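Undergrad: Would you be able to build a 3D model of this:
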Amino acid sequence: MPIKRAKWAPGKVVEIDFDSKVLRKNYLGDPHKRKLHVWLPAEYDTQPKRRFPVIFDLVGYSGSGMSHTNWKNFGENVPERAARLIASKRMAPAILVFPDCFTAYGGNQYINSSAIGRYADYLVDELVPFIDKKFRTLAKREHRGCFGKSSGGYGAITHAMKYADTWSAIACHSGDAYFDFVYRNDLAKTLDHLARYSEPKRSAGMIDVRALEKKVRQGIDDGRIKRFLEAFFASRKVSSDEGHVIMMLCMAASYDPDPKSPNGFRMPVNLETGELIQKRWDAWLIHDPIIAIDHHVKELRSMRGIWIDCGWSDQYSIHYGARILSKRLAEHRIEHVYEEFDDNHSDIDYRLDVSLPFLVDALAGD
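TA: Numbering: from 1, shown residues only. You can find the predicted model right below:
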C-alpha cells in the first residue's frame, strides 16, 4: 500500500505586483516592479475578524521570494511547512511575506548600497507599511519579525541591529558572520578567475609585479572586472566558479560601494598580488555582525526573540562566525537561542520546524 501524505488546510498564496519607488533607477538597472508573494493561513478566511503576526522571509543569495513558495520535490515549500506546523499545533497562525530582492549580481545583503540598490529601505519603508495596510496584520513592531538563511540570515540579524523599530524577533540560519573566515578564501579564488580577463594577456617569463599592480592598488578595477561582468551577463550557462565570483563581487558592491569607482564599488584586495587593502577591508568589517553587535546592544536587547543556528560542517565555515556571534551576544547579556546541528550549509529548510514556532510564539504575545 502506498504511503499517503497527510493533508491539512493549505492556506493560500497571494501574488501582488508591487511597484517600488526606492528601487527606481537603481545602479544595476534591475526592475523596480516586483512580484510579491504573501501566504495567508487558512484561519485568515475562517476567522475574518482576527489579526495575525507577520514574518518576512529573506531568502539566501541567488534566491527570490517566489523560490520559497514554488513546488519542491521530495519536500515542502515554506507555506506547506507553515501549514503543517499550524495544523499540528506546533505553531500559531501567522502571515508570511516573500519579497523578491534578486539582482543582476544574484542578490544582495538586505542593506542599502549605491552599487546595487536600497534594499533595506525597500523592505522597511515600502513593503512593511504596504503589507500592514493591505492585510489584517497585527500592525506593530512587537508582532513583526523576519528570518532567513545565509545572506537572508545575515539580513535578519543585521535588520535586528539597524531596524529594531521595525522588527522585534528574528531567526538567523547560517547567516554570514566572521568575514575573515567566510570571505577571505573565496577572494583568492575570485582573483584567479578574474585574472583570465586581465589585459594584456600574460605570457610565461619575467614579470614586473610592481608595474602590474600599479592600477589596482586601491581595489579599483583595471578593466578585468568589467570584462568578466560583460561575459557573465552574455553567458547562457553559469559555471560554479563564475557563480562564486559574481557572489564575491556582489559582496564588494554591498559592503564597499563607491560611486566614483568603476562598476560602482571597490575590492578589498590588490587584484594582482592579493594583498589585503586594510582601509577597504575595514569597510567590509563594519558590516560583520560579530563587530557590528558592539554598536547595537540596545537594539538587540529590545528583541522579543533572537534565534541563531548553524550546521557544524558548514562548507563556508559560517559555524565559527555563528559561535562568535552567540558568544558576543552572551557577553552583552542579550537573550538568544543558539543551536548547532549535524549538517552543512545546503538544503536545511527543515530547521524552520524549530525557528518558525519560536518566532511566532515571540510575536504573538501582547
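
Undergrad: CA atoms for contacts and neighbours, from now on please.
TA: Will do.

Undergrad: what ranges do the strands span in the chain?
TA: All strands of the chain, identified by DSSP state E, fall at 12-19, 33-40, 54-58, 95-98, 112-113, 117-118, 144-149, 169-173, 305-311, 337-341.

Undergrad: and these as a markdown table, adding mean pLDDT and mean neighbour count?
TA: As requested, the strands of the chain are exported to a markdown table (pLDDT from 0 to 100; neighbours: other CA atoms under 10 Å):
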| stretch | mean pLDDT | mean neighbour count |
| --- | --- | --- |
| strand 12-19 | 98 | 14 |
| strand 33-40 | 98 | 20 |
| strand 54-58 | 98 | 27 |
| strand 95-98 | 98 | 24 |
| strand 112-113 | 98 | 20 |
| strand 117-118 | 98 | 23 |
| strand 144-149 | 98 | 28 |
| strand 169-173 | 98 | 31 |
| strand 305-311 | 98 | 24 |
| strand 337-341 | 98 | 15 |
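
Undergrad: closest to residue 196 out of these?
TA: Of all the strands of the chain, it is strand 112-113 that lies closest to residue 196, at 27.7 Å by CA to CA.

Undergrad: gap between that closest one and the chain center?
TA: What separates the centre of strand 112-113 from the centre of its chain is 13 Å, taken as CA atoms, centre = their mean, to the nearest Å.

Undergrad: Show me the contact partners of that strand.
TA: 118-121, 253-255, 257 (CA atoms under 8 Å, 6 or more residues apart in numbering).

Undergrad: how does it look with 7 Å?
TA: The contact list for strand 112-113 (CA atoms under 7 Å, 6 or more residues apart in numbering) reads 118-121, 254, 257.

Undergrad: List the neighbouring strands of that strand plus their orientation.
TA: Strand pairing for strand 112-113, using DSSP bridges, gives strand 117-118 (antiparallel).

Undergrad: what's the neighbour count on residue 277?
TA: Residues near residue 277, counting by other CA atoms under 10 Å, number 15.

Undergrad: Can you add distance to residue 156 and give the strands of the chain back as CSV?
TA: Formatted as CSV, the strands of the chain follow (distance: least, CA to CA, whole Å):
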stretch, distance to residue 156
strand 12-19, 22
strand 33-40, 18
strand 54-58, 7
strand 95-98, 14
strand 112-113, 14
strand 117-118, 16
strand 144-149, 5
strand 169-173, 6
strand 305-311, 10
strand 337-341, 14
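
Undergrad: wait, which of the ones you listed is closest to residue 331?
TA: So among the strands of the chain, strand 337-341 is nearest, using CA to CA, at 13.8 Å.

Undergrad: so where is the stretch 101-250 of the chain shaky, pLDDT-wise?
TA: Nowhere does the stretch 101-250 of the chain drop to pLDDT under 70.

Undergrad: How about residues contacting stretch 50-58?
TA: Contacts for stretch 50-58 (CA under 7 Å, 6+ apart): 93-98, 136-138, 143-148, 152, 155, 363-364.

Undergrad: Hmm, residue 314 and residue 181 touching each other?
TA: No - Residue 181 is beyond contact range of residue 314, at 11.6 Å (criterion: CA atoms under 7 Å).

Undergrad: Restricting to C-alpha, output stretch 167-186 in CSV.
TA: Coordinates of each C-alpha in stretch 167-186 appear next as CSV, following Å, rounded to 0.1, in the frame of the first residue of the first chain:
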residue,chain,number,x,y,z
TRP,A,167,11.3,44.1,13.7
SER,A,168,11.0,42.5,17.2
ALA,A,169,12.0,38.9,16.5
ILE,A,170,14.5,37.3,14.0
ALA,A,171,15.9,34.0,13.1
CYS,A,172,19.3,33.8,11.5
HIS,A,173,20.1,30.4,9.9
SER,A,174,23.7,30.1,8.9
GLY,A,175,24.0,33.8,8.3
ASP,A,176,27.2,35.4,7.1
ALA,A,177,29.4,36.3,10.0
TYR,A,178,33.1,36.5,10.8
PHE,A,179,34.1,37.8,7.4
ASP,A,180,37.8,36.8,8.0
PHE,A,181,36.7,33.2,7.7
VAL,A,182,33.7,33.4,5.4
TYR,A,183,35.0,35.5,2.6
ARG,A,184,38.9,35.5,2.6
ASN,A,185,39.4,32.1,0.9
ASP,A,186,36.9,32.9,-1.8
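
Undergrad: longest single helix anywhere in the protein?
TA: helix 240-255 (DSSP state H).

Undergrad: hang on, the earlier thing: for the contacts of strand 112-113, work out which two are farthest apart.
TA: Within the contacts of strand 112-113, 121 and 257 form the most distant pair, 16.5 Å apart (CA to CA).

Undergrad: Could you name every residue contacting both of residue 181 and residue 314?
TA: Joint contacts of residue 181 and residue 314 (CA under 7 Å, 6+ apart) do not exist.

Undergrad: mind checking how far residue 160 is from residue 56?
TA: When distance is defined by CA to CA, to the nearest Å, residue 160 is 13 Å away from residue 56.
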